[in-house]
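A.B. asks: heads up, no residue letters with this:
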């Protein structure tokens, strides 16, 4: 049996490159050939370890309105006033599936029998090492190394496939299909599992580098004394009042700013938007709304305690953020009665 490891990568730091190199050396010691794909340059001392190395300009991250990841947070002032903030970020699941597809297409052009798809930072433990010498097609669940209770039933971190099955799966990976369904890589793998009756291992795989480690999604880090979150959206339908009998409403296009990460007050802050200066005294987790379209911001400057920060360019990069108040209709009705 001819075997090859197919390694997906996005190594934009030295620690990621070091991790990739260590894993390539380990997989070579197990006896597998190596194929690596990368949208970024990888140093020669690493590529020389590979049997095949492909560098591509393609890294198809999806953006709103096509698709984005949404991270959300709520702050409960009372049952009648619940602040929700939504942060939209680029969707990288399709980029992961795209690398999986390209690696499959390339590897299938050679005469290998078993293919071991893996992410560059896979933790190769004794179970994984053993499976790299076996001929079993299998899907692994994944446990978040930062939170043991956070479990994915399927994922792309490590997946051995025989030639027949990989031919079938490669044909399943289509952007149109990805956008039509749940829009996460784990969901696509679950569809393969169900369609082709692929067994799921009892062994959880791990990756050694967590992409969002210690990342604060709800702070644009403009000042160190407090946190700031900014809305940016077209008029967007939202549902209020709780999940039982939600009521449709709209979040307006106006820019809303939330200050938080402090107690009581930070004093006054100057905000200049499109040539107009405002002086505000923010309260924690209460938004300030300006009657200016968030889609037409040409100037956004903050001044606090003599420090001036021009955030105009950074704001232009924001895709889609929502800020709005909700309420718990059930609790409010009970209190009224």
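C.D. replies: Ah, there it is. Since we're looking at a predicted model, the values are computed, not measured.

A.B. asks: Tell me the spacing between residue 120 and residue 208.
C.D. replies: As judged by C-beta to C-beta, to the nearest Å, residue 120 and residue 208 stand 9 Å apart. (C-beta placed from N, C-alpha, C; glycine too.)

A.B. asks: Looking at these two now, which is surrounded by more residues?
C.D. replies: Just comparing residue 120 and residue 208: by other C-beta atoms under 10 Å the higher neighbour count belongs to residue 120, 23 against 16.

A.B. asks: didn't that one look like it was pressed against residue 23?
C.D. replies: Yes - counting by C-beta atoms under 8 Å, a contact exists between residue 120 and residue 23, whose distance comes to 6.3 Å.

A.B. asks: Need the residues touching each of the two.
C.D. replies: Residues touching both residue 120 and residue 23 by C-beta atoms under 8 Å, 6 or more residues apart in numbering: residue 7.

A.B. asks: Kindly provide the distance from residue 247 to residue 72.
C.D. replies: Applying C-beta to C-beta to residue 247 and residue 72 gives a distance of 19 Å.

A.B. asks: Residue 315: what's its closest spatial neighbour, skipping adjacent residues?
C.D. replies: Excluding its sequence neighbours, the residue lying closest to residue 315 (C-beta to C-beta, 6 or more residues apart in numbering) is residue 300, at 4.9 Å.

A.B. asks: what's across from the one you found in the sheet?
C.D. replies: residue 273 (DSSP bridges).

A.B. asks: ok, which stretches of the stretch 201-337 of the chain are strands?
C.D. replies: With DSSP state E, counting those that start in this stretch applied, the stretch 201-337 of the chain shows strands at 227-230, 236-240, 247-251, 254-260, 269-273, 276-280, 286-293, 300-304, 307-310, 321-326, listed in chain order.

A.B. asks: Likewise for the stretch 51-200 of the chain?
C.D. replies: According to DSSP E, counting those that start in this stretch, the stretch 51-200 of the chain carries its strands in the segments 52-55, 68-78, 81-90, 114-119, 142-143, 151-152, 158-162.

A.B. asks: Any chance of those in a markdown table with distance to residue 170, mean pLDDT and mean neighbour count as columns?
C.D. replies: Output for the strands of the stretch 51-200 of the chain, formatted as a markdown table (distance: least, C-beta to C-beta, whole Å; pLDDT from 0 to 100; neighbours: other C-beta atoms under 10 Å):
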| stretch | distance to residue 170 | mean pLDDT | mean neighbour count |
| --- | --- | --- | --- |
| strand 52-55 | 16 | 97 | 15 |
| strand 68-78 | 25 | 91 | 14 |
| strand 81-90 | 24 | 94 | 19 |
| strand 114-119 | 10 | 98 | 23 |
| strand 142-143 | 22 | 80 | 18 |
| strand 151-152 | 22 | 79 | 16 |
| strand 158-162 | 10 | 97 | 23 |
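
A.B. asks: any chance of these in a markdown table, plus distance to residue 224?
C.D. replies: A markdown table is the format used below for the strands of the stretch 51-200 of the chain (distance: least, C-beta to C-beta, whole Å):
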| stretch | distance to residue 224 |
| --- | --- |
| strand 52-55 | 39 |
| strand 68-78 | 20 |
| strand 81-90 | 20 |
| strand 114-119 | 34 |
| strand 142-143 | 34 |
| strand 151-152 | 35 |
| strand 158-162 | 40 |
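
A.B. asks: what's the closest of these to residue 262?
C.D. replies: When these are ranked by distance to residue 262, counting by C-beta to C-beta, first place goes to strand 68-78 at 13.1 Å.

A.B. asks: List the strands paired with that closest one, with their directions.
C.D. replies: Paired neighbours of strand 68-78 in the sheet (DSSP bridges): strand 81-90 (antiparallel).
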